[in-house]
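>>> Here's a sequence, model it:
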Amino acid sequence: MSLEGKKAPSFKLEGSDGKMHSLADYKGQTVVLYFYPKDDTPGCTKEACGFRDHFKDIAQRAVLFGISKDTIASHGKFIAKYKLPFTLLSDPDAAVMKAYGAFGEKLMYGKPVTGTIRSTVVIGPDGKVLKHWTSVKKAETHPSEVLDFLCNVMIK
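Next up, the predicted model:
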C-alpha cells in the first residue's frame, strides 16, 4: 500500500548518534527514510554503501535515515565498518516499520515469511509522502534511484 500523497506517520526513534529523532524535528525539511532488514548482510550492505557513496548529493537535498530492527550497538559496528556518514535508527519492535508498510509478509526464496520489507519513503517539508518505493528489488542500485528522484523530480 503506497503512502504517496498522505501525511507521513510520526515517529520517535533512538539514533546511532545517541539522540532521539522524531519526524517533527525535521519539519520544513525533506526526509528520506530507507527501511532495511539487517545490518551487515549482503543486500543491506550494498544499499547502505550506495547511500554512503551518494551521501554528499543526497544531504544537499534531504535528511537521510536508515531504519531497521537492529540495536544501536549493531548500528554502531555497521557504521564503523563501512564508514557510513548518516544516522541509523533502531526500531526494535518494528512499530515505525509497520506504520510505513515496511514490515509484514513477504516472499523469501519463494516462501512467505514475516519480516522487514526493503522500502523507502521521501517525505516533503510539509510532512506528506512525496514518493514511496513499497518494495525495493535491487538494493545496490536503489540509492541512485532515490538521488535521481531528489534531483530531477522534486523542485527545490
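
>>> Checking the spatially most central residue of the chain next. Helix, strand or coil?
Compute the mean C-alpha point of the chain, and by C-alpha atoms, centre = their mean the closest residue is Tyr34, 1.3 Å away. Using DSSP: H, G, I helix; E, B strand; the rest coil, the secondary structure recorded for Tyr34 is strand.

>>> where's it relative to Pro112, distance?
According to C-beta to C-beta, to the nearest Å, Tyr34 stands 23 Å off from Pro112. C-beta here means a position set from N, CA and C on the backbone, and glycine is covered the same way.

>>> What segments of the chain are helices?
Taking DSSP state H, the helices of the chain run over residues 42-53, 55-59, 72-82, 95-99, 142-148.

>>> between those, which one is nearest to Gly127?
helix 95-99 (13.7 Å; C-beta to C-beta).

>>> picking up where we left off before, would you list the helices of the chain in a markdown table and tack on distance to Asp126 and mean pLDDT?
Converted to a markdown table, the helices of the chain look like this (distance: least, C-beta to C-beta, whole Å; pLDDT from 0 to 100):
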| stretch | distance to Asp126 | mean pLDDT |
| --- | --- | --- |
| helix 42-53 | 24 | 97 |
| helix 55-59 | 20 | 97 |
| helix 72-82 | 29 | 98 |
| helix 95-99 | 18 | 97 |
| helix 142-148 | 19 | 97 |
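
>>> Make a markdown table out of the ones you listed and add distance to Glu14 and mean neighbour count.
Shown next, in a markdown table, are the helices of the chain (distance: least, C-beta to C-beta, whole Å; neighbours: other C-beta atoms under 10 Å):
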| stretch | distance to Glu14 | mean neighbour count |
| --- | --- | --- |
| helix 42-53 | 18 | 19 |
| helix 55-59 | 21 | 15 |
| helix 72-82 | 6 | 16 |
| helix 95-99 | 11 | 17 |
| helix 142-148 | 23 | 19 |
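
>>> re earlier: can you tell me who the residue nearest to the centre of the chain pairs with across the strands?
Beta-bridge pairing of Tyr34 under DSSP bridges involves Gly66, Thr120.

>>> Would you check how far apart it and Glu145 are?
11 Å.
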